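[1] Next comes the sequence, and after it the predicted model I'd like to discuss.
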Amino acid sequence: MKPLLITIDGPSGAGKSTVSRRLSERIGYTYVDTGALYRAVALAALTEGCAADDDTRLAEICRHLILKFQNTSKGPRLYANGHDITARIRTPEISMLASAVSARPVVRTYLLDVQRKMGKGGGVVFEGRDMGTVVFPEADIKFYLDADPETRALRRYKELAEKHAATSLAEVREAMKKRDEDDSSRALAPLKPAPDAIRIDSTDLEIEQVVEVLLRHIEKRTK
């Protein structure tokens, strides 16, 4: 059986990052966190003092940005021009800026090429917001993972608290609400399920339960 190309889309806090990592481990596939790629561009823009809507400077930043995932004993790490930026891109500020730069055509064009090169040959689980709708519309299996807003906000707050980020649940809830609105209403590649995506509500499910649901769907598709 040829290696599959699997996409998992959905809003932040739905659990898709952890689920995608666990799924890739279970089936021996490569895991690609595409949201981290947009965060990397956002970090580079912030470092360079570049506004999120400055397409000329964003294009220049992208031309000189070399992104690479590397598997380590601590999990996947993301490197930008040789520097490990994994921890630096997981802040509320970068989250909001990533949403803004992801709406810029110049950034999406750059990362579209990066992602499609990573997906050649299959055997990959891509996690993001438009993997099944824009980047890989012909993916073998597409999932859309969601959960109710309060559950998603609480999950993200706990994640940030574990990293000792200085934020409150109310701030996380408000930031997530704004990002949901921005991601869903933008004209370019808005957040939405692909027509043929398998939709899964993770509100009342533990991570391993979600992974088992995905595995059952994959098994059905490959019989």
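    Nice, I can see it.
[2] contacts, neighbours, all on C-alpha from now
    OK.
[3] Which strands or helices does the lowest-mean-pLDDT helix or strand in the chain pack on?
    Sorting the helices and strands of the chain by mean pLDDT, DSSP states H and E puts strand 67-72 at the bottom, at a mean of 83. Counting contacts by 3 or more CA pairs under 8 Å, 6 or more residues apart in numbering; DSSP states H and E, strand 67-72 packs against strand 75-80.
[4] Pull the residues that contact the strand it packs on.
    Residues outside strand 75-80 that contact it (CA atoms under 8 Å, 6 or more residues apart in numbering) are 36, 40, 65-71, 84-86.
[5] so what strands line up beside it?
    With DSSP bridges as the test, strand 75-80 is paired with strand 67-72 (antiparallel), strand 83-84 (antiparallel).
[6] How about residues contacting the first one?
    When you say that, I think you mean strand 67-72. Residues contacting strand 67-72 (CA under 8 Å, 6+ apart): 32, 37, 76-81.
[7] Export these as CSV, with columns for pLDDT and distance to Thr7.
    Listed next are the contacts of strand 67-72 as CSV, based on pLDDT from 0 to 100; distance: CA to CA, whole Å:
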residue, pLDDT, distance to Thr7
Val32, 91, 10
Leu37, 95, 15
Pro76, 80, 17
Arg77, 89, 20
Leu78, 92, 19
Tyr79, 94, 22
Ala80, 96, 23
Asn81, 95, 26
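[8] which one of these is nearest Pro190?
    Leu37 (17.1 Å; CA to CA).
[9] from what I can see that closest one touches Asp113, true?
    No: using CA atoms under 8 Å, Leu37 is not in contact with Asp113, being 11.9 Å away.
[10] more crowded one of the two?
    Between Leu37 and Asp113, counted using other CA atoms under 10 Å, the more crowded position is Leu37 (24 against 12).
[11] quick revisit: who wins for proximity to Asp140 among the strands paired with strand 75-80?
    strand 67-72 (22.6 Å).
[12] Of all the residues in the closest one, which ones are buried?
    Of the residues in strand 67-72, 67-69 count as buried by neighbour count, 16 or more other CA atoms under 10 Å.
[13] next one: stretch 113-133
    Those would be 114-115, 118-119, 122-133, for stretch 113-133 by 16+ other CA under 10 Å.
[14] hmm, back to that, can you turn the buried part of the contacts of strand 67-72 into a ChimeraX selection?
    To isolate the buried ones among those in ChimeraX, judged by 16+ other CA under 10 Å, type:
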select :32,37,76,77,78,79,80
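[15] Just the closest of the contacts of strand 67-72 to Pro137, please.
    The closest of the contacts of strand 67-72, once distances to Pro137 are taken by CA to CA, is Val32, at 16.5 Å.
[16] Restricted to strands, list the buried residues of stretch 113-133.
    124-128 (DSSP state E).
[17] Now pLDDT and distance to Ile218 too, for the residues you listed, in JSON lines please.
    Formatted as JSON lines, those follow (pLDDT from 0 to 100; distance: CA to CA, whole Å):
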{"residue": "Val124", "pLDDT": "93", "distance to Ile218": "13"}
{"residue": "Val125", "pLDDT": "95", "distance to Ile218": "12"}
{"residue": "Phe126", "pLDDT": "95", "distance to Ile218": "15"}
{"residue": "Glu127", "pLDDT": "94", "distance to Ile218": "16"}
{"residue": "Gly128", "pLDDT": "89", "distance to Ile218": "19"}
